[in-house]
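J.: Task: produce atomic coordinates for the following.
(chains A and B)
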Amino acid sequence: MRHIISVLLENEAGALSRVAGLFSARGYNIESLTVAPTDDPTQSRMTLVTVGNDDVVEQIKKQLNKLIDTIKLLDLSEGPHIERELMMVKVRAERADREELKRLVDIFRAKIIDVTDTSFVVELTGDSEKLDAFIDAVPKGLIIEVVRTGPSGISRGPQGLML
Amino acid sequence: MELSGAEIVVQALIDEGVEYVFGYPGGAVLHIYDALFQQDRVKHILVRHEQGASHAADGYARATGRCGVCLVTSGPGATNAVTGIATAYMDSIPMVILSGQVPTPVIGSDAFQEVDTVGITRPCVKHNFLVQDVRDLAETLRKAFFIATSGRPGPVLVDIPKDTTDPNVKIPYRYPREIAMRSYRPVSKGHPGQIRQAVEAMLAARRPVLYTGGGVILGEASPLLRQLVRATGFPITSTLMGLGAYPMTDRQFIGMLGMHGTYEANMAMHETDCLVAIGARFDDRVTGKIEHFCPHATIIHVDVDPSSISKNVRVDIPIVGPVASVLEDMLRLLAEARCDPERAAIVEWWARIEQWREINCLSYDRANDKIKPQLAVETLYRITDGALYLTSDVGQHQMFAAQFYPFDQPRRWINSGGLGTMGFGLPAAMGVQLAFPEAQVACISGEASILMCIQELATCKQYELPIKILLLNNGYMGMVRQWQELFYESRYSHSYVDALPDFVQLTESFGHVGMRVEKPDELEGALREAFALKDRCVFLDVVVDPTENVYPMIVAGKGHHEMHLSPERELA
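T.: Residues are numbered from 1 along each chain as shown, chains lettered A, B, ... in the order given. Down below sits the predicted model:
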């Protein structure tokens, strides 16, 4: 099953490589990983997406918690939560395709953030499935490149992942 | 007090109460060595290879329970120490490794003797640090000792760039006594509800087994374990790492379990209805095939490390907490409990265990004109009254020692269990002998293992360490040869140690006493002679039967109930 895990880490040099190293050393899957400092610059917040059966995911969480740099951890998939991912897509936008692409952008509530005579860059935020759906919806052969951040997540309700 | 970084390192060691540092100098740590030279509180032991430094610090830690410390230079100094660091990590040994690093401005430029030590050691340390500023040194060192010795212990490495130890840069020094880390708070007590549930399961058990490991020794819980065994009347088995936590000569001890454990211990594991695992981690050498592991049991697991729980075997009643504190709680609940253990059922259970015990699974051919390795260990036990600190290398001799030298005290059996590091025994014995100068310390080894750290004989000479080395010389990498005999149709691919040195001459060239023993009737006399030389390091090259194998044995991938006693004695 897919799990999305939030980790509050000490913002120390090497903390990210400890996490990455843990996954490769123990043979865990890692689908995506995003990390950046929080409002408190001494802390980083990481969101990682992994896939595994319950026993494996339980071990992943324990091993992450065991890292000395880990302050707190939450498996967002255990409760109601929101996921967002940012994607930028560069598409070929020749005369004939421009209107169709603009319609798609409207339907997905995306934004065109760069325009040339022959191309658009489209920015789109949402959960990962919505981003997948947009890619599928773009007519074949028009996509030049895709860049995605991987999902970030936060739980619903007033509770926060903090010290 | 204003100190340089180098002086801070040394002063921090003094403030930590460090007795010995095992190390080897080099460019990046010269400032630190200069500061060491100018004091006499911390004693430095000069090894002959950095692997020896990390093993010696490890041996010191295992024997004393205190943190071992080693000091190595950058680059090859650090990489040489890695085997010893990984050895300590696998067995959860508290150790602080100080490694020199090239100066911060040139880090990343492939400078002379530069290596990414923090990167290389990351997977085999509990934690590591790269010191970027001399002002961080004292606190980082305090953190390193705190992390290494608390919770589930382990090695912590502090990488110290040369410029942070500059003798010309002095800063005010204050060593933090207490350290609080928001991201690291080891548990101090087990969950009362879980402990209660465990005790209830134990009281209801009809065929219980206590299965204990190195965690009992690391957690200083040996006296409490003894009380628990008495209070319950349960049989107890132990892993290789836990030997001595409970007296092995006691009737309630049913032997080591696992691949080369006793028949009675493994059968009891297979038939138990309540397994109480304490400070043990369900290693594959212990469990055999997981699908066959304890098929009838409710499994209780006490461990200070939550990630040990349900890692290999799914546990029914987990208890996360320090072993000593949990055992105290268990004993209190047992004393308060209104009902007793199932005495009648347990009497029956013991009768069954005694039947297995009667098979005498450790018997071997005593009437032989060659020295059997088992006989050598038994004789060692007899003439030392079982009182040795015994270190071991890895292989057949290690298993024979575990089977035939019953330890009655914790911290006497010093061996590399998890990583299985050949070359561990001799340097580890140095650490033990320095910690206990008056104690009898011996290293049991094989002719293959001993050559991996033989250079440390020079260290033994320099510090006059009267270690006794018992070499079971069979001319083979015995355990490799055994597996090749059993599983590769006796194709002994490169397991024969051709061109062995003359160990007697070799030892004597290092300034020690060398003896060679070839016949069974010379064995006891030679051992007595060796141990009578109280002030000398003695190397006994004992030529043993090259064809002897370690039995009983559970072949990898089999269950506890599928033991082989020996080729001659198969079970129905």
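J.: Let me see the contact set for the closest residue in space to A:Ile68 that isn't next to it in sequence.
T.: Leaving aside its chain neighbours, A:Ile68 sits nearest to B:His127 (4.2 Å; criterion: Cβ to Cβ, 6 or more residues apart in numbering or on different chains). Yep, even glycine has a C-beta here, placed from its N, CA and C like the rest. By Cβ atoms under 8 Å, 6 or more residues apart in numbering or on different chains, the contact list for B:His127 reads A:Ile68, B:Ala144, B:Ile147, B:Gly154, B:Val156.
J.: Between these, which sits nearest A:Ala96?
T.: A:Ile68 (57.8 Å; Cβ to Cβ).
J.: returning to that earlier point: just the contacts of B:His127: which are in strands?
T.: B:Val156 (DSSP state E).
J.: Now list the buried members of the contacts of B:His127.
T.: A:Ile68, B:Ala144, B:Ile147, B:Gly154, B:Val156 (16 or more other Cβ atoms under 10 Å in any protein chain shown).
J.: could I get the residues you listed as a markdown table with pLDDT and distance to A:Ile112?
T.: Listed next are the buried ones among the contacts of B:His127 as a markdown table, based on pLDDT from 0 to 100; distance: Cβ to Cβ, whole Å:
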| residue | pLDDT | distance to A:Ile112 |
| --- | --- | --- |
| A:Ile68 | 97 | 46 |
| B:Ala144 | 98 | 53 |
| B:Ile147 | 98 | 51 |
| B:Gly154 | 98 | 54 |
| B:Val156 | 98 | 52 |
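J.: Near chain B, which residues of chain A are found?
T.: A:9-10, A:13-14, A:17-18, A:21, A:25, A:55, A:58-59, A:62-63, A:65-66, A:68-71, A:163 (Cβ under 8 Å from any Cβ of the partner chain).
J.: of the residues you listed, buried ones?
T.: A:9-10, A:14, A:18, A:58-59, A:62-63, A:66, A:68-71.
J.: Mind checking which of those residues land in strands?
T.: Filtering those for strands - DSSP E - leaves A:Leu9, A:Glu10, A:Thr70, A:Ile71.
J.: partner strands of the longest strand along chain A, parallel or antiparallel?
T.: If you go by DSSP E, chain A has its longest strand at strand A:81-92. Its sheet considered, strand A:81-92 pairs with strand A:119-126 (antiparallel), strand A:143-148 (antiparallel), strand A:152-155 (antiparallel) by DSSP bridges.
J.: who touches residue 93 in this structure?
T.: No chain specified, so I'll use chain A. By Cβ under 8 Å, 6+ apart, the neighbours of A:Ala93 are A:Leu101, A:Val115, A:Thr118, A:Ser119, A:Phe120, A:Leu142.
J.: You answered for a different chain; I wanted chain B.
T.: B:Asp58, B:Ala61, B:Arg62, B:Gly68, B:Thr87, B:Pro153, B:Gly154, B:Pro155, B:Leu218.
J.: The same query, at a cut-off of 7 Å, please.
T.: B:Asp58, B:Ala61, B:Arg62, B:Gly68, B:Pro153, B:Pro155 (Cβ atoms under 7 Å, 6 or more residues apart in numbering or on different chains).
J.: Quick one: neighbours of the last one, just the number.
T.: Pointing back at B:Pro155 there. Look at B:Pro155: counted by other Cβ atoms under 10 Å in any protein chain shown, it has 35 neighbours.
J.: For beta bridges, what are the partners of it?
T.: In this entry, B:Pro155 is beta-bridged to B:Met95, by DSSP bridges.
J.: hang on, isn't it packed against B:Arg122?
T.: No. Counting by Cβ atoms under 7 Å, B:Pro155 does not reach B:Arg122; the two are 11.7 Å apart.
J.: Can you tell me the element A:Val7 falls in?
T.: strand A:2-10 (DSSP states H and E).
J.: Okay, B:Trp356 and chain A: tell me how far apart.
T.: 33 Å (Cβ to the nearest Cβ, to the nearest Å).
J.: do the same with B:Arg185
T.: 10 Å.
J.: Can you tell me the closest non-neighbouring residue to the closest residue to chain A within the stretch 151-300 of chain B?
T.: Evaluated by Cβ to the nearest Cβ, the stretch 151-300 of chain B has B:Ser183 as its residue closest to chain A, separated by 4.4 Å. Residue nearest to B:Ser183 in three dimensions, not counting chain neighbours: A:Ile71, with 4.4 Å by Cβ to Cβ, 6+ apart.
J.: Tell me if I'm right that that neighbour and A:Glu10 touch.
T.: Yes. At 6.4 Å, A:Ile71 and A:Glu10 qualify as touching, with contact defined as Cβ under 7 Å.
J.: what do those two both touch?
T.: What both A:Ile71 and A:Glu10 touch, as defined by Cβ under 7 Å, 6+ apart, is the set A:Gln43, B:Ser183.
J.: Near B:Thr232, how many other residues are there?
T.: Neighbour count of B:Thr232, defined by other Cβ under 10 Å: 23.
J.: Let me see the backbone angles for A:Arg45.
T.: phi -110, psi 130 (degrees, to the nearest 10).
J.: one step back: neighbour-wise, which of the contacts of B:Ile93 leads?
T.: Result: B:Pro155 is most packed of the contacts of B:Ile93 (other Cβ under 10 Å), 35 neighbours.
J.: got a list of what that one touches?
T.: Applying Cβ under 7 Å, 6+ apart, we find B:Pro155 in contact with B:Ile85, B:Ala88, B:Tyr89, B:Ile93, B:Met95, B:Ile97, B:Val125, B:Lys126, B:Ala148.
J.: swap in B:Gln38?
T.: Taking Cβ under 7 Å, 6+ apart as the definition, B:Gln38 has no contacts.
J.: do you know how far it is from A:Val7?
T.: 45 Å (Cβ to Cβ, to the nearest Å).
J.: Could you do B:Ser222 as well?
T.: Taking Cβ to Cβ, one finds B:Ser222 at 37 Å from A:Val7.
J.: what's near enough to touch B:Ile299?
T.: B:Leu275, B:Ala277, B:Val313, B:Val315, B:Asp316.
J.: Distance from the chain centre to the helix or strand where it lies, please.
T.: Per DSSP H and E: B:Ile299 is located in strand B:298-303. Distance of strand B:298-303 from its chain centroid, counting by Cα atoms, centre = their mean, to the nearest Å, is 22 Å.
J.: who does that strand pair up with?
T.: strand B:274-278 (parallel), strand B:317-320 (parallel).
J.: Rebuild these as JSON lines, extending it with distance to B:Trp350 and mean neighbour count.
T.: Formatted as JSON lines, the strands paired with strand B:298-303 follow (distance: least, Cβ to Cβ, whole Å; neighbours: other Cβ atoms under 10 Å in any protein chain shown):
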{"stretch": "strand B:274-278", "distance to B:Trp350": "15", "mean neighbour count": "27"}
{"stretch": "strand B:317-320", "distance to B:Trp350": "24", "mean neighbour count": "22"}
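J.: can you tell me if stretch B:129-148 touches chain A.
T.: Yes. Judged by Cβ under 7 Å from any Cβ of the partner chain, stretch B:129-148 comes into contact with chain A at B:Leu130, B:Ile147.
J.: What are the buried residues along that stretch?
T.: For stretch B:129-148, using 16+ other Cβ under 10 Å, the buried residues are B:129-132, B:134, B:137-148.
J.: And for stretch B:114-121?
T.: Per 16+ other Cβ under 10 Å, stretch B:114-121 contains these buried residues: B:Glu114, B:Val115, B:Thr117, B:Val118, B:Ile120, B:Thr121.
J.: and these near chain A, which?
T.: Checking the buried residues of stretch B:114-121 against chain A (Cβ under 7 Å from any Cβ), the matches are B:Val118.
J.: of the contacts of B:His127, closest to B:His494?
T.: Nearest to B:His494 among the contacts of B:His127, counting by Cβ to Cβ, is B:Gly154 at 33.8 Å.
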